[in-house]
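J.: quick one, structure for this:
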Amino acid sequence: MFSWITNYFLLYNFTVSVIIIYFLSLINRFISKLFFEQSEEYMPTTEFMLLSNGEFSSEYKILIYKKIKSDFGITLPDAGEQDRDELRARKRIAEAIGLVRKKVGNGVLLLQHNYEYGFARNLVGASSVSTVLVIILLVCDIILRISFFQTRVLVLLLLIYLLPFMFHRIIIRKFGSLYARTLLQEYLALKP
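T.: Purely as a prediction, here's the structure:
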């Protein structure tokens with residue numbers, strides 16, 4: 001009988017732990033998408049397709065513009081239109097990129113870069129949640145005057161968790177740009 005009760009509590013603890021971890025991962029994902037992901041109009045895919053952006057040559061962009069026109073019947077805004085109403089131009093480009101993304105699907109390397117971007121974004125979200133939790137623990141630690149060793153561990157954890165948060169723009173931009181380049185390269189490589 002004792003082993004049955006022990007097994008029950010082990011299973012219960014394991015199940016509760018899995019549920020809590022899953023719940024926290026959903027919170028991290030929600031926070032990272034809400035606070036650290038840009039709108040489609042300002043994603044690297046849209047940025048790279050603006051004619052004023054120097055990421056790709058104008059000839060390369062013209063090829064992509066022509067392929068989008070051929071595949072979807074969408075004429076992307078020219079330089080004059082982009083200068084006159086940049087927000088509208090960004091929206092049109094983002095809409096076209098959405099169709100490009102659907103056409104490319106998982107691509108050859110695209111899915112891998114999408115996972116990497118999602119991981120980086122979620123890491124930043126998790127670091128912000130972890131930073132808040134560690135600050136709460138530090139305040140409790142100082143108020144309750146718990147051992148100095150624990151305080152040092154919490155300070156170390158705070159520094160570790162702050163790193164992705166402090167460099168979130170660089171991290172997300174790097175992985176977003178890698179995804180954008182791959183998407184556009186794989187789109188051009190698709191046979192009609």
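
J.: make it CA atoms for all contacts and neighbour counts henceforth
T.: OK.

J.: what's the helix or strand containing residue 68 in contact with?
T.: Secondary structure assigned from DSSP states H and E places residue 68 in helix 58-72. Contacts to helix 58-72, defined as C-alpha atoms under 8 Å, 6 or more residues apart in numbering, come from residues 49, 51, 74, 75, 76, 96, 99, 100, 184, 188, 192.

J.: give the buried subset of the residues you listed as a PyMOL selection command.
T.: To isolate the buried ones among those in PyMOL, judged by 16 or more other C-alpha atoms under 10 Å, type:
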select buried, resi 49+51+74+76+96+100+184+188
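
J.: now for the contacts of helix 58-72, which pair is the farthest apart?
T.: 51 and 192 (24.4 Å; C-alpha to C-alpha).

J.: burial measure for residue 21, as a count.
T.: A total of 12 residues lie near residue 21 under the criterion other C-alpha atoms under 10 Å.

J.: which elements pack onto the one helix or strand it maps to?
T.: In this structure, residue 21 sits in helix 2-36 according to DSSP H and E. For helix 2-36, the packing partners by 3 or more C-alpha pairs under 8 Å, 6 or more residues apart in numbering; DSSP states H and E come out as helix 110-144.

J.: just checking, what packs against the helix it packs on?
T.: For helix 110-144, the helices and strands in contact under the criterion 3+ C-alpha pairs under 8 Å, 6+ apart are helix 2-36, helix 148-166, helix 168-189.

J.: any idea which of the ones you listed is most buried?
T.: The highest mean neighbour count among the helices and strands packed on helix 110-144, using mean count of other C-alpha atoms under 10 Å, belongs to helix 168-189: a mean of 19.

J.: and that one with helix 58-72, angle?
T.: Going by axes from the mean of the first three to the mean of the last three C-alpha atoms, to 10 degrees, helix 168-189 is angled at 60 degrees with respect to helix 58-72.

J.: would you map out the domains in the chain?
T.: As given by automatic domain parsing, the domain ranges for the chain are 1-36+106-192, 37-104.

J.: any idea how far the residue most central in space within the chain is from residue 161?
T.: For the chain, the residue nearest the mean C-alpha position is residue 121 (3.3 Å; C-alpha atoms, centre = their mean). Counting by C-alpha to C-alpha, to the nearest Å, the separation of residue 121 from residue 161 is 14 Å.

J.: now swap in residue 102 and tell me
T.: Counting by C-alpha to C-alpha, the separation of residue 102 from residue 161 is 35 Å.

J.: okay, now the residue nearest to residue 164 when sequence neighbours are not counted: neighbour count?
T.: If the residues on either side of it in the chain are set aside, residue 164 comes closest to residue 124, at 5.5 Å by C-alpha to C-alpha, 6 or more residues apart in numbering. Neighbours of residue 124 under the rule other C-alpha under 10 Å: 30.

J.: again, but for the one 3 residues further on
T.: Residue 127: 23 surrounding residues under other C-alpha under 10 Å.

J.: quick revisit: can you list the helices and strands packed on helix 110-144 in a markdown table and add distance to residue 58 and mean pLDDT?
T.: Written out in a markdown table, the entries for the helices and strands packed on helix 110-144 read as follows (distance: least, C-alpha to C-alpha, whole Å; pLDDT from 0 to 100):
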| stretch | distance to residue 58 | mean pLDDT |
| --- | --- | --- |
| helix 2-36 | 30 | 81 |
| helix 148-166 | 34 | 87 |
| helix 168-189 | 14 | 95 |
